[in-house]
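J.: Output the structure for:
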Amino acid sequence: MNQLIRCVNCDEIFLKTPYDQWPEYRFIKDRPAESFWTIAKDDFRDFLKIHRSHKLEDLKILEDSIISEKDYAEPVKVSYFKATNGREKFVIKRFRENIDEPLRYKLIPGDFSLKLINIEIQSQEIEKQLKREIGDDAISQKKIDLFLKVYRRIIEAVDLKNLERVPEESHNPLEIYFKMDDITLSYLLRNCRNIFKNKEFSDIEDFVYRHKDDGVLLLKATYKIKITEIAKSKKRATLAQTSLVVDKKIAGKK
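T.: Numbers count the residues shown, from 1 in each chain. All right, here's what the predicted structure looks like:
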């Protein structure tokens, strides 16, 4: 079972896992593959040695708080999540610079939020899907361009708070998709009557209803992570400095 541990004195973070005691294997150059050194490891014991005489506490990771600027599947990235000791909340930065490195953790006093930077329609996907389903001969490029222009104008006035988020649609945690609400859908179709006539309008209407919930007509919102740091309290800073002095004196006696 994983356990997130904070050193109160140093604000260092350690994630205790079942893999902490797994050995490390180093292969010998110019020797058969079965020739290697086995190096015993105990990362948690090493953490305890470094922070002996310090105060340690467990942190609870807040559910659904993990966020990153890169795709979910990207192994080398910076991620952030929130944790609490029951009294304070912290931001934990999780990162590594190379795939061969273990993940590292850094505590950031403060909080983070997501700031909306852009909302857009899936123009290229809509155009491709229209031509595929309705046909190049049945709808002109000019009318497709007009449809996209109208749709862009409509979403400029959309409030995302009124829209339903589509779960698990994006590979990137900062790209979130939303469904059109009924008002937006009705307004889009009403404007389509000025562009398409007779069978063309019927085809467009069917297309809109077919893709409004889980297709190319979903709105794409892009966010960025906004970190709000707070200054370390004087009490905590004094505690860390005092602990550092004590550790140096202990080390000097050895």
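J.: Could you grab the helix/strand/coil label for Leu114?
T.: strand (DSSP: H, G, I helix; E, B strand; the rest coil).
J.: Pairing partners for it in the sheet, please.
T.: Counting by DSSP bridges, Leu114 is bridged to Ile225.
J.: dump the residue contacts of it.
T.: Leu114 is in contact with Ile67, Leu174, Tyr223, Lys224, Ile225, Lys226, counting by CB atoms under 8 Å, 6 or more residues apart in numbering. Placement of C-beta: from N, CA and C, glycine included.
J.: Let's test this: mean pLDDT of the helix or strand harbouring Leu4, rounded?
T.: Using DSSP states H and E, the element containing Leu4 is strand 3-7. Confidence over strand 3-7, taken as the mean pLDDT, stands at 94.
J.: how close does the residue nearest to Asp43 when sequence neighbours are not counted get to Arg153?
T.: The spatially closest residue to Asp43, leaving aside those adjacent along the chain, is Asp20, at 4.3 Å (CB to CB, 6 or more residues apart in numbering). Separation of Asp20 from Arg153 (CB to CB, to the nearest Å): 56 Å.
J.: When those two are compared, which one has more neighbours?
T.: Per other CB atoms under 10 Å, whichever of Asp20 and Arg153 has more neighbours is Asp20, with 15 against 12.
J.: now the closest residue to Phe112 other than its chain neighbours: how far from Lys93?
T.: Excluding its sequence neighbours, the residue lying closest to Phe112 (CB to CB, 6+ apart) is Ile227, at 4.9 Å. Distance of Ile227 to Lys93, computed by CB to CB: 9 Å.
J.: neighbours around Ile121, how many?
T.: Ile121 is flanked by 17 other residues according to other CB under 10 Å.
J.: Please list all residues in contact with it.
T.: Per CB under 8 Å, 6+ apart, neighbours of Ile121: Leu148, Tyr151, Arg152, Ile155, Leu217, Leu219, Lys220.
J.: Which single one of these is nearest to Gln122?
T.: Using CB to CB, Lys220 is the member of those that lies nearest Gln122, at 6.1 Å.
J.: Local confidence estimate at that closest one?
T.: On the pLDDT scale, Lys220 is placed at 94.
J.: before we move on, what SS does it have?
T.: strand.
J.: quick one: it and Asp11, what's the gap?
T.: 38 Å.
J.: Separate out the buried members of the contacts of Ile121.
T.: Among the contacts of Ile121, the ones that count as buried by 16 or more other CB atoms under 10 Å are Leu148, Tyr151, Ile155, Leu217, Leu219, Lys220.
J.: distance of the residue nearest to Asp11 when sequence neighbours are not counted from Leu56?
T.: Among residues not flanking Asp11 along the chain, Leu107 sits closest, at 4.7 Å (CB to CB, 6+ apart). Using CB to CB, we find Leu107 at a distance of 13 Å from Leu56.
J.: What's the separation between the residue nearest to Asp43 and Asp58?
T.: Relative to Asp58, and taking CB to CB, Asp20 is found at 16 Å.
J.: Number of residues surrounding the closest residue in space to Ile108 that isn't next to it in sequence?
T.: Using CB to CB, 6+ apart and skipping the chain neighbours, the partner closest in space to Ile108 is Val91 (4.2 Å). Other residues near Val91 number 21, with proximity taken as other CB under 10 Å.
J.: Summarise which helices and strands the helix or strand in which Val91 is found is packed against.
T.: In this assignment (DSSP H and E), Val91 forms part of strand 89-95. Judged by 3 or more CB pairs under 8 Å, 6 or more residues apart in numbering; DSSP states H and E, strand 89-95 is in contact with strand 56-61, strand 79-84, strand 104-120.
J.: what's the angle between it and strand 104-120?
T.: Angle of strand 89-95 versus strand 104-120, following axes from the mean of the first three to the mean of the last three CA atoms, to 10 degrees, is 90 degrees.
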